[in-house]
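[1] What would the 3D arrangement of this be:
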Amino acid sequence: KQLGGKLFNRTGKGITLTENGKALYSQVKSALDIIKVAEDGFLTEGLPMETLKICASDTVFNYCLMTAIKNYHEKFPQVKLQLISCTSSETIERLKDGTADVGFINLPVSDDKISIIGVATTLHDGFFGGERFKRLSENKIPLANIQEYPLLMLETPTVTASAVIDFALGCGVHLYPEIEFGSLELACSSAVNDMGIVCIPIEFVQNELASAKLFEIKTEPQLPARAIGIAVKKDGNRSKEVDEFLNLVIDGYEKLYKELDIDVIASGGVSSMEDIERLAKLNLYGAIIGKAYYTGAIDLKEAIEVAK
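    Presented below is the predicted three-dimensional model:
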């Protein structure tokens, strides 16, 4: 009524514009387009629409980073997030070629173009079995006894599997997986179905333990905790967006570390004195150097001095 004309036609199929409505819409659309251009310019000059590219494995994203990512997105909604699922080796390559801003990788890492600026979380590898192996959960068993049962593990080229195998080798135990898997989820499911004893971080099987689908088989010695490091390109210029995200992750880990009072040990891939030097700077409790010690790649006395 205020405009002095009818703008819409109401029918049983919905609402359509009248000729007057179409004419008004064309004028209003032009005005809205001008406003949109002005808003885009404001975002470009005042609140940059940056993209934060984060690399990690699916498992690390799901179990370790989701809280930090959620908090970051709520705090900085103008920043576009790109979550890229990668192995540790793929993450390192992306950091070096600039297609990732920050990565979360298994420690240690030997690459002079990558800096480890902190620890994102710790993982505690263990052995778990279904109903068929429930009796083994009643008391601790020697680590060597695990060899007597079908062992389920991730593919041996992965850092996760190498960490366990190297630690066992240092204890004089040779672990040979009967079945290897490309994902933790599939390995866990196979253990639930009594195909064997799975070696997997306890953090990832909490639901299965709570529902008595899996049972923890404790060994003597037990497998050491290992760390997931926060990696960036060395000498790279980090944006404010990257630093804000890193602060959220590091603060969360430090709070957890103090609450649990746990000792973190790096294992798997510790192959040189340079690795020992890098790990010493992270203030970890220790490192497993089984294979490197036996092959002579690391001198034990020198390593102890470096780690002091």
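
[2] Pick out the residue nearest the middle of the protein.
    With distances taken as C-alpha atoms, centre = their mean, V60 lies nearest the centre of the chain, 2.5 Å away.

[3] hang on, D194 is in a helix, isn't it?
    No. Judged by DSSP: H, G, I helix; E, B strand; the rest coil, D194 forms no part of a helix; its state is coil.

[4] Could you tell me how many residues sit around it?
    14 (other C-beta atoms under 10 Å). No exception for glycine: its C-beta is placed from N, CA and C like everyone else's.

[5] backbone phi and psi for it, please?
    Backbone torsions of D194, given as degrees, to the nearest 10, read phi 60, psi 30.

[6] Could you double-check that it sits in contact with Y149?
    No. Applying C-beta atoms under 8 Å as the test, D194 and Y149 come out as separate, 11.2 Å apart.

[7] So for those two, which residues contact both of them?
    G129, F133 (C-beta atoms under 8 Å, 6 or more residues apart in numbering).

[8] Just the pLDDT at the residue nearest to F128 when sequence neighbours are not counted, thanks.
    Distance criterion C-beta to C-beta, 6 or more residues apart in numbering; nearest residue to F128, sequence neighbours excluded, is L214 at 4.4 Å. With respect to pLDDT, L214 scores 97.

[9] Not counting its own residues, what contacts stretch 94-102?
    The contact list for stretch 94-102, computed with C-beta under 8 Å, 6+ apart, reads 52-55, 84, 86, 91, 103, 111, 113-114, 230-233, 238-239, 241-242, 245-246.

[10] and if you look at stretch 188-202?
    For stretch 188-202, the surrounding residues in contact (C-beta under 8 Å, 6+ apart) are 123-133, 136, 146, 149-153, 160-161, 164, 175, 177-179, 181, 184, 187, 204-205, 208-209, 213-214, 216-217, 223.

[11] which ones are touching the residue nearest to the centre of the chain?
    Counting by C-beta under 8 Å, 6+ apart, V60 has contacts F104, A120, T121, I228.

[12] Now do the helix or strand where it lies: distance to the chain's middle.
    V60 is part of helix 58-60, with elements assigned from DSSP states H and E. The chain centroid and the centroid of helix 58-60 are separated by 5 Å under C-alpha atoms, centre = their mean, to the nearest Å.

[13] do the same with stretch 158-175
    That offset, for stretch 158-175, works out to 21 Å (C-alpha atoms, centre = their mean).
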